[in-house]
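In: what follows is a predicted protein model with its sequence.
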Amino acid sequence: MIFFSWIVGLIIEVGIAGMTWEQSIQTRMLGMFCNFLTGGLNGKWLNKVRGRFGADKHWVRGFGADVTAFVTFQAIIYAINLAVAGANLAQTAKAVGSAALFCGIAGKPYGWFTDLFRYLFITIATIARKRDSH
């Protein structure tokens, strides 16, 4: 999530919201810390929202669930991070709005990205356990 959010965040904050590189990097650094603290809760919240929306039944429901979960959890933390980094109200609104839209659009590619790493880490852990048990 951290690697993905760095790339997306820099594009949104510098390219769309008009923040400086310094402000964006400060936001990314603070975001890493916040994501570390809230990642598990965010994942549980996302799963709950996706379940209530029936996100697996249609892509529109999935999009709605991803945006709703972002706006009701992650966007609040993101807006605070932006303000701490020195973003003004217009920059914050552009960045949070763009991120909400992007979360819906990037939900599936991000899912593939995280599934790949889950697979790799589970495979590596399984190989290590088999090696250690012999």
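Out: Great, that's in hand.
In: drop to CA atoms for contacts and neighbour counts, all remaining ones
Out: Will do.
In: give me the pLDDT value at the closest residue in space to residue 54 that isn't next to it in sequence.
Out: Leaving aside its sequence neighbours, residue 54 sits nearest to residue 61 (CA to CA, 6 or more residues apart in numbering; 6.4 Å). The model reports residue 61 with a pLDDT of 86.
In: likewise for residue 104?
Out: pLDDT recorded at residue 104 is 66.
In: ok, residue 36 next?
Out: What the model reports as pLDDT for residue 36 is 85.
In: show me which positions of the strand or helix carrying it end up buried.
Out: In the assignment (DSSP states H and E), residue 36 maps to helix 21-53. Counting neighbours by 16 or more other CA atoms under 10 Å, one finds that the buried residues in helix 21-53 are 23-32, 35, 42, 45-47, 49-50, 53.
In: related to what we said a few turns ago, next SSE downstream of the one helix or strand the residue nearest to residue 54 maps to?
Out: Here residue 61, judged by DSSP H and E, is contained in helix 59-69. Next helix or strand after helix 59-69 toward the C-terminus (DSSP H and E): helix 75-84.
In: off-centre distance for that following helix?
Out: 13 Å (CA atoms, centre = their mean, to the nearest Å).
In: and if you look at stretch 9-16?
Out: For stretch 9-16 - counting by CA atoms, centre = their mean - the centre lies 14 Å from the chain centre.
In: appreciated, that's everything.
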